[in-house]
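Peer 1: Here is a sequence together with a model predicted from it:
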2 protein chains.
Amino acid sequence: MPERTNGRRTGGAGKRDHSRRVAVPRQGAPRAPRASPEARRRAILDAALTVFAERGYEAARLDDIAARAGIAKGTLYLYFADKQALFEALIHSAVDPILEQLSAVAATPNLPLDKVLASLFTAFQQEVFGTKRKFLLRLMIAEGPRFPALAEFHYRNVVSRIMPLIAEAARRARERGELATDGLARFPQLVVAPLLVAVVWDALFAKFAPLDVAAMLEAHQRLLTGKAPRRRS
Amino acid sequence: MPERTNGRRTGGAGKRDHSRRVAVPRQGAPRAPRASPEARRRAILDAALTVFAERGYEAARLDDIAARAGIAKGTLYLYFADKQALFEALIHSAVDPILEQLSAVAATPNLPLDKVLASLFTAFQQEVFGTKRKFLLRLMIAEGPRFPALAEFHYRNVVSRIMPLIAEAARRARERGELATDGLARFPQLVVAPLLVAVVWDALFAKFAPLDVAAMLEAHQRLLTGKAPRRRS
DNA sequence: CCTATATGACTGACTGGTCAGTCATGAACT
DNA sequence: AGTTCATGACTGACCAGTCAGTCATATAGG
């Protein structure tokens, strides 16, 4: 599924002649303390998240990621085939854990619209906006077009599951007369739009005008359903 | 008629180059036809838009931009100081023409909310989504955090002008009892959110599920105001 | 009118630096 | 001892930015 779409940087090209390399005696290399492969993998992904988030894909330096993870650059390649594989693994590591919950929600039939919205917005705040996943969402927006495989993954696993859920709840709400129009049923994008705005605003304009995301989503829900959302505790 | 400079080719007879910088004889360089500086500048910005849009800032190659503009790389530097200056000029070239219109609208007081929304959405479709500016908006989202100067420019000149306009119209509409909540007055971001979604969706998911932006914005307006927007012709 | 000289816009080979990816070597385990 | 893991110096490709050289055009001189 990786489907190297970015390409262009063929990497260090073909074979090199390392036989003539001068054998420089190393000094006692300070070794990283043993860590389980799992832990080390997580450490790498963690470092990668930070670096990719603040530099973007192209400008991110594998040297920085390695340094941040407390390992040598070569070690990266024991865990990930190349930069793109690392990037894709990073996205997956953030999205995969959510997919189960998503399936669970999707399997629950006939949820009323306000319940769907409430859980969607709450989950967004707790699982995305309140975490470093927020940066990954922006990375996805920024780099998605150049990683069609990731865009497709995102569409198939996240978007194409959430949208029908919202649309269906909206359709039933409309049938019960709770909604004045079929706009939400036809364009569930209108429901999630403020989530995008939250992430983008936070990244670009927060320092000029901070945005109270919780309050905005509350107002959004009230606008959509006409009802006051259940306030949290 | 090339008018050859006489066979002093590098590969020719005896190549004796004493100077460090070898004076390589050029073959009849196909010059770009003279063009007005204005026109050439536009050609460069045009090429830059294409390349930046499809590669992102870091991955964009000035060689590509030059080739696309039909000029040599060196010529780029006669018009722009460096890559970043070119990028910033590109953003400005797209935003500046709109600022006047924006001022004009902002100067018109007491516009009713539905008028504001209608002109906002129409302008967006005609001036942004329907043009190459759409790519620049996404570029701004993608690269903004790494170009604080651009983010600030965008905030001061675009965002901080549009938002109060919407908020004010929403406030008055609420006073007239046309709105059930003060959500829009407090969070004008909710009004523009679908615009962002349109751009992002189009860039990432259009090939999986095309989005009818005009219809979505119409539905959005109806949701916000409760009234059917005036349909175009 | 025509030719000579001057101008500077334009060119593209080149440089210096950067960075993804490699692998000989060493350290730590079994 | 052998095996596995980790290292970081190294390599080659790549690219932003430079600048010596070129030539179309403009102007001066004959």
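Peer 2: Cool, the structure landed.
Peer 1: Could you pick out the longest helix of chain A?
Peer 2: As assigned by DSSP state H, the longest helix anywhere in chain A is helix A:83-107.
Peer 1: my guess is A:Asn157 contacts A:Leu99, does it?
Peer 2: Yes. The pair A:Asn157 and A:Leu99 qualifies as a contact (C-beta atoms under 8 Å) at a distance of 5.8 Å. For every residue, glycine as well, the C-beta is placed using N, CA and C.
Peer 1: out of these two, which sits in the busier spot?
Peer 2: Each of A:Asn157 and A:Leu99 has its neighbours counted (other C-beta atoms under 10 Å in any protein chain shown); A:Asn157 has more, 17 against 13.
Peer 1: Could I get the contacting residues of A:Ala209?
Peer 2: With contact taken as C-beta atoms under 8 Å, 6 or more residues apart in numbering or on different chains, A:Ala209 is in contact with B:Tyr155, B:Ser160.
Peer 1: And for the longest helix of chain A, what's in contact with it?
Peer 2: A:2, A:4, A:6, A:44-45, A:48-49, A:52, A:57, A:60, A:62, A:65, A:76, A:80, A:111, A:119, A:123, A:127, A:133, A:136, A:139-140, A:143, A:147, A:149-150, A:153-154, A:157-158, A:161-162, A:165.
Peer 1: for stretch A:130-141, same thing?
Peer 2: With C-beta under 8 Å, 6+ apart as the test, stretch A:130-141 has contacts from A:49-50, A:52-53, A:56-57, A:90-91, A:94, A:127-128, A:150-151, A:154, A:196, A:199-200, A:202-203, B:138, B:141-142, B:145, B:200, B:204.
Peer 1: In helices, which of these fall?
Peer 2: Within those, residues falling in helices by DSSP H are A:49-50, A:52-53, A:90-91, A:94, A:150-151, A:154, A:196, A:199-200, A:202-203, B:138, B:141-142, B:200, B:204.
Peer 1: Run the chain-centre distance for the longest helix of chain A.
Peer 2: Put simply, helix A:83-107 sits 8 Å off its chain's centre (C-alpha atoms, centre = their mean, to the nearest Å).
Peer 1: Who are the contact partners of A:Leu62?
Peer 2: Contact analysis of A:Leu62 by C-beta under 8 Å, 6+ apart lists A:Lys73, A:Leu76, A:Lys83, A:Leu86.
Peer 1: now these: which count as buried?
Peer 2: The neighbour count (16 or more other C-beta atoms under 10 Å in any protein chain shown) marks A:Leu76, A:Lys83, A:Leu86 as buried among the contacts of A:Leu62.
Peer 1: Those also near DNA strand C: which ones?
Peer 2: The residues of those that also fall near DNA strand C, by C-beta under 7 Å from any atom of the strand, are A:Lys83.
Peer 1: Can I get the buried ones among the contacts of A:Leu62 in a markdown table including distance to B:Val105 and pLDDT?
Peer 2: Formatted as a markdown table, those follow (distance: C-beta to C-beta, whole Å; pLDDT from 0 to 100):
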| residue | distance to B:Val105 | pLDDT |
| --- | --- | --- |
| A:Leu76 | 52 | 97 |
| A:Lys83 | 46 | 97 |
| A:Leu86 | 47 | 98 |
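Peer 1: So which of the buried ones among the contacts of A:Leu62 is the closest to DNA strand D?
Peer 2: A:Leu76 (8.2 Å; C-beta to the nearest atom of the strand).
Peer 1: Go ahead and confirm A:Phe80 touches A:Leu45.
Peer 2: No. Counting by C-beta under 8 Å, A:Phe80 stays clear of A:Leu45, with 9.1 Å between them.
Peer 1: State the distance from A:Phe129 to B:Val159.
Peer 2: Remark: distance between A:Phe129 and B:Val159 (C-beta to C-beta, to the nearest Å) = 20 Å.
Peer 1: circling back to that earlier point, what's the ChimeraX line that selects buried ones from the contacts of stretch A:130-141?
Peer 2: Paste this into ChimeraX to select the buried members of the contacts of stretch A:130-141, with burial taken from 16+ other C-beta under 10 Å:
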select /A:49,50,52,53,56,57,90,91,94,128,150,151,154,196,199,200,202,203 /B:138,141,142,145,200,204
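Peer 1: Return the set of buried residues in the longest helix of chain A.
Peer 2: By neighbour count with 16+ other C-beta under 10 Å, helix A:83-107 contains the buried residues A:83-84, A:86-95, A:102, A:105.
Peer 1: which one of the residues you listed is nearest DNA strand C?
Peer 2: Out of the buried residues of helix A:83-107, the member with the shortest distance to DNA strand C (by C-beta to the nearest atom of the strand) is A:Lys83, at 3.5 Å.
Peer 1: gap between that closest one and chain B?
Peer 2: Here the criterion is C-beta to the nearest C-beta, to the nearest Å. By it, A:Lys83 lies 12 Å from chain B.
Peer 1: Please apply the same query to A:Phe124.
Peer 2: According to C-beta to the nearest C-beta, A:Phe124 and chain B sit 13 Å apart.
Peer 1: show me the residues around that residue that make contact.
Peer 2: A:Leu195, A:Ala198, A:Leu217.
Peer 1: go again using 10 Å as the cut-off
Peer 2: A:Gly130, A:Arg133, A:Lys134, A:Leu137, A:Val192, A:Pro194, A:Leu195, A:Ala198, A:Val199, A:Val213, A:Leu217 (C-beta atoms under 10 Å, 6 or more residues apart in numbering or on different chains).
Peer 1: Then A:Gly183?
Peer 2: So, once contact is read as C-beta under 10 Å, 6+ apart, A:Gly183 ends up touching A:170, A:174, A:190, A:224, B:215-216, B:218-224.
Peer 1: So the closest residue to it other than its chain neighbours versus A:Ser119, what's the distance?
Peer 2: Nearest residue to A:Gly183, sequence neighbours excluded (C-beta to C-beta, 6 or more residues apart in numbering or on different chains): B:Ala219, at 3.3 Å. Using C-beta to C-beta, B:Ala219 is found at 23 Å from A:Ser119.
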